[in-house]
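[1] 3D, please:
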Amino acid sequence: MRRTQQAAQGHVGKLTVSFSGFAIESSLPKVFQSFQRLHPGIELEIREQNSGAQLESLYRGEIDAGFAISPPVTPQIEKVTLLSDHFILIVPASMRQFRSPCDLKKLSDYPFILVPRVIAPGFHEQCARLFTEAGFTPHAVQQGENIQTLLGLVSLGVGATLGPSFLSARRREGVRYIRVNSEVQVELALISRRDNQSAPLLSLRQLVAELYPYASNTTS
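    Predicted coordinates:
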């Protein structure tokens, strides 16, 4: 009886959560640490998945929630935006001619490394908005599916790429971070199925609301 009561209150059970490579570079680790400390009776399974794969896993019921970058909103998916961040350019360290904030149009002739739409559809769309605002179509020479690949290619001088500004906390030899002069932003969001009201998931949502007081909810 006690275990049944604990389960109903969200103190025991299992929660499967995914995170994207970009998302884990934010303050996200403190969410997992705090959740495990506050809910030791809940088995927390954590998976790495890109934002596009997270949506498919949610539809199939394979995960309970995901932390994604600028995920699109659908009728089945509830999105809680934890934070909105401006974009940065990530360029080879040898590019010393640009200073923050930088107008993206100054790099209209420069090669870019882009994240494929299927990997992060919402992030890809926001990047497209940036390029449209700057008035040019990027010269895409390479694609990268995760932050390690993107930073590695940039450090080798293959081209420049875009990312949320919280990535600048990650020190990587051979790259520079430059803020993009634009109001277009990128989001870190918690996504879950609207019809999933399990006690462990509700506990996660409550914790997120406490850790991110300016979080906003979008359901359609």
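[2] bridging residues for the residue nearest in space to the middle of the chain?
    Nearest to the geometric centre of the chain sits Ile69, at 2.7 Å (C-alpha atoms, centre = their mean). Judged by DSSP bridges, the bridge partners of Ile69 are Leu188.
[3] give me every residue that touches it.
    Residues near Ile69 by C-beta atoms under 8 Å, 6 or more residues apart in numbering: 20, 22-23, 51, 120, 122-123, 164, 186-189. Heads up, the C-betas are built off the backbone N, CA and C, glycines and all.
[4] change it to 7 Å
    For Ile69, the contact set (C-beta atoms under 7 Å, 6 or more residues apart in numbering) comprises 20, 22-23, 51, 120, 122-123, 164, 186-188.
[5] where does this structure have low pLDDT?
    Applying pLDDT under 70 to the chain flags the ranges 1-11, 218-220.
[6] in space, what's closest to Leu82 - neighbours in sequence excluded?
    Distances taken as C-beta to C-beta, 6 or more residues apart in numbering put Tyr212 closest to Leu82, at 4.3 Å, once the chain neighbours are dropped.
[7] pretty sure that neighbour contacts Val80?
    No. In this structure Tyr212 lies outside contact range of Val80 using C-beta atoms under 7 Å: 8.2 Å.
[8] between these two, point out the one with more neighbours.
    The neighbour count for Tyr212 versus Val80, taken as other C-beta atoms under 10 Å, is higher for Val80 (20 against 17).
[9] residues touching that one, list them.
    So Val80 contacts 189-190, 205, 208, 215, 217 (C-beta under 7 Å, 6+ apart).
[10] what about it, which helix or strand?
    Remark: Val80 resides in strand 77-92, with elements defined by DSSP states H and E.
[11] what comes up buried for that strand?
    By neighbour count on 16 or more other C-beta atoms under 10 Å, the buried set for strand 77-92 is 77-83, 85-92.
[12] ok, stretch 141-155 next?
    So, applying 16+ other C-beta under 10 Å, buried residues of stretch 141-155: 142, 144, 147, 149-154.
[13] greatest separation within those: which pair is it?
    Farthest apart among the buried residues of stretch 141-155 by C-beta to C-beta are Gln142 and Ile147. That separation is 14.4 Å.
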